[in-house]
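Engineer: Task: produce atomic coordinates for the following.
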Amino acid sequence: MVVNIFAPPVPYAIQTEADYTIAVESAAFFLQEQKHPIDLIVGDFDSSDYASIQKTFPEVAIQKHAAVKDETDSMLAVMAALEKNPDTIYLYTNAGVRFDHMEANLRLLLQGPVVLLNDHIKAYVLTPGRHVIENSHPYLSLFGAPLVQGLTLEGFAYSLTDAKLEYGDTIGISNQGSGVITLKEGRVLVIEARD
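Structural biologist: Residues are numbered from 1 along each chain as shown. The predicted structure is shown next:
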């Protein structure tokens, strides 16, 4: 099962089909413009008009949460998606000017099979094992989350063999091409990016 989550800010290209679609607050209006079905709308509605969303989407389930809470609206959407036991969750959002929210969204990739997508990046986390990567972007960067042991890169512009990658290391930035990533311990945040 595939779940798509759409979060503000919008717009961005919709790149994946899904069995279930979640809109975070005002992203519902973007999906309506795209004539894309919506199964659930989630949020605290502190930055959008709840009454307007209720009126516009009377047939769609809505989860309204308190504005004072520990989770971001995107986290609430990921939690709702995880209840479906999906194979993959695609989280669509743009960075906008809120770098703190972008960082929070990147951390959501550690919650399960979550892939962050927009017109500029594709980000995901790899666990120990061998992974064949078909990179469709000009650049591919790797970050330890938090510590990776036994990292090997084959077929990319820049290779590594049995390397260690710690949280603060920048050696994994701006690689190119496709190839195989193998890691023995830890998790790697992968960001495929355009300029």
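Engineer: What's the first helix or strand after the helix or strand where residue 91 lies?
Structural biologist: Element membership for residue 91, per DSSP states H and E: strand 88-92. Once the chain leaves strand 88-92, the next helix or strand it forms, by DSSP H and E, is helix 99-107.
Engineer: Specify the next element, helix or strand, located C-terminal of that next one.
Structural biologist: Next element after helix 99-107 (DSSP H and E): strand 114-117.
Engineer: how about the CA coordinates for that following strand, as PDB?
Structural biologist: Output in PDB follows, covering the C-alpha atoms of strand 114-117 (Å, rounded to 0.1, in the frame of the first residue of the first chain):
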ATOM      1  CA  VAL A 114       8.800   7.800   4.500                       C
ATOM      2  CA  VAL A 115      10.100   9.500   1.300                       C
ATOM      3  CA  LEU A 116      10.100  13.300   1.100                       C
ATOM      4  CA  LEU A 117       9.400  14.600  -2.400                       C
END
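Engineer: Just to check, residue 171 is in contact with residue 153?
Structural biologist: No - in this structure, residue 171 is not within contact of residue 153 by Cβ atoms under 8 Å, at 10.4 Å. C-beta: built from backbone N, CA, C; applies to glycine.
Engineer: okay, and the common contacts of the two?
Structural biologist: Residues touching both residue 171 and residue 153 by Cβ atoms under 8 Å, 6 or more residues apart in numbering: residue 160.
Engineer: These two: which is more packed in?
Structural biologist: The neighbour comparison of residue 171 against residue 153 (other Cβ atoms under 10 Å) goes to residue 153, with 22 against 15.
Engineer: Regarding that one, what is its secondary structure?
Structural biologist: strand (DSSP: H, G, I helix; E, B strand; the rest coil).
Engineer: residue contacts, the residue lying farthest from the centre of the chain?
Structural biologist: Most distant residue from the mean C-alpha position of the chain: residue 55, 29.1 Å away (Cα atoms, centre = their mean). By Cβ under 8 Å, 6+ apart, residue 55 lies in contact with nothing.
Engineer: at 10 Å what do you get?
Structural biologist: Neighbour list for residue 55: residue 49 [criterion: Cβ atoms under 10 Å, 6 or more residues apart in numbering].
Engineer: That one belongs to a helix?
Structural biologist: Yes - membership of residue 55 in a helix is supported by three-state DSSP.
Engineer: quick one, the strand holding residue 91 and helix 99-107 angle?
Structural biologist: On the basis of axes from the mean of the first three to the mean of the last three Cα atoms, to 10 degrees, strand 88-92 is oriented at 170 degrees to helix 99-107.
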